[in-house]
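K.L.:
All I have is the shape, not the residue letters:
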């Protein structure tokens, strides 16, 4: 299926095309079972009849039983018109049931921000969690208005921990005004509930608006990456708050949202 990466809604008016190395195209509609004639590598493209979405292009490998494929969610990103805006989209497989996208920020004067599930729908230091998913696949989406004097740290937490983080098939994509800028696939080795994905330098982004501002880290770790590095991004010792390994801390005014998430998970377990 093809999903709107901004709100998780299914997009019916889309076209999925697989092109083999001989130029032959195999076209499918969202929800249609994908059957390809031979194993191998294909160029995959997803387009929408609406100009509001950025087309997807990627290389896909099909082999054996996966040729006809289990249902897969492909995320389309709404076009971005601002040069300082990016959108970070997390998607994953069926298990673990719930992965959470976290973005930490710190300004040059030591002001810190942290966007994740209890803060959905709120702008915090130019960051906004648009979509939070608790039942597999994603997407989880954060829009960021990048500030020149701010550093950003992107990480993913295995909230339910009902399968190893390394087997989640997680992917983090970064979109800007020109479309897809960068893509990160979770490593297949490593132990821990955190995936330390990348950092972004606001000053470099303001200067070039290119992937050179994104510094991959791409490791699975046991502790919250922002706590491990202490977010000393400008040499300022941060306040010890907002990032704890177990994520059991309840922030002021957020207890109801956390309880709602726990109740949803309880229903899924029954």
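P.N.:
Nice, thanks for sending it over. Note that this is a predicted model, so its numbers are computed, not measured.

K.L.:
any idea how far the spatially most central residue of the chain is from residue 187?
P.N.:
Closest residue to the average C-alpha location of the chain: residue 90 at 1.8 Å, with C-alpha atoms, centre = their mean. Between residue 90 and residue 187 the distance, using C-beta to C-beta, to the nearest Å, works out to 15 Å. Bear in mind the C-beta positions are built from the backbone N, C-alpha and C, glycine included.

K.L.:
what do you get for residue 208?
P.N.:
Distance from residue 208 to residue 187, by C-beta to C-beta: 27 Å.

K.L.:
So what's the residue count around the nearest residue to residue 12 once chain neighbours are set aside?
P.N.:
Once flanking residues are discounted, residue 12 sits nearest to residue 30: 5.9 Å by C-beta to C-beta, 6 or more residues apart in numbering. Burial of residue 30 is recorded as 18 neighbouring residues (other C-beta atoms under 10 Å).

K.L.:
Surely residue 30 forms part of a helix?
P.N.:
No - with DSSP: H, G, I helix; E, B strand; the rest coil as the criterion, residue 30 is coil rather than part of a helix.

K.L.:
and it, what does it touch?
P.N.:
By C-beta atoms under 8 Å, 6 or more residues apart in numbering, residue 30 lies in contact with 1-2, 10-12, 14, 16.

K.L.:
for stretch 183-201, which positions count as buried?
P.N.:
184, 186, 190, 192-201 (16 or more other C-beta atoms under 10 Å).

K.L.:
Let's have these in a markdown table, adding distance to residue 176, pLDDT and secondary structure.
P.N.:
What follows is those, written out as a markdown table (distance: C-beta to C-beta, whole Å; pLDDT from 0 to 100; DSSP: H, G, I helix; E, B strand; the rest coil):
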| residue | distance to residue 176 | pLDDT | secondary structure |
| --- | --- | --- | --- |
| 184 | 15 | 93 | strand |
| 186 | 22 | 94 | coil |
| 190 | 28 | 92 | coil |
| 192 | 30 | 93 | coil |
| 193 | 29 | 93 | coil |
| 194 | 25 | 95 | strand |
| 195 | 22 | 96 | strand |
| 196 | 22 | 95 | strand |
| 197 | 16 | 96 | strand |
| 198 | 14 | 96 | strand |
| 199 | 16 | 95 | strand |
| 200 | 11 | 94 | strand |
| 201 | 15 | 93 | strand |
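
K.L.:
want to throw those residues into TSV with distance to residue 163?
P.N.:
Listed next are those as TSV, based on distance: C-beta to C-beta, whole Å:
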residue	distance to residue 163
184	19
186	12
190	14
192	13
193	11
194	15
195	13
196	19
197	19
198	23
199	27
200	28
201	33
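
K.L.:
And those residues, which is closest to residue 148?
P.N.:
Using C-beta to C-beta, residue 201 is the member of the buried residues of stretch 183-201 that sits closest to residue 148, with 9.4 Å.

K.L.:
Assign the residue nearest to residue 19 when sequence neighbours are not counted to helix, strand or coil.
P.N.:
In space, and not counting its chain neighbours, residue 19 is closest to residue 43: 4.4 Å by C-beta to C-beta, 6+ apart. Assigned with three-state DSSP, residue 43 falls in the strand class.
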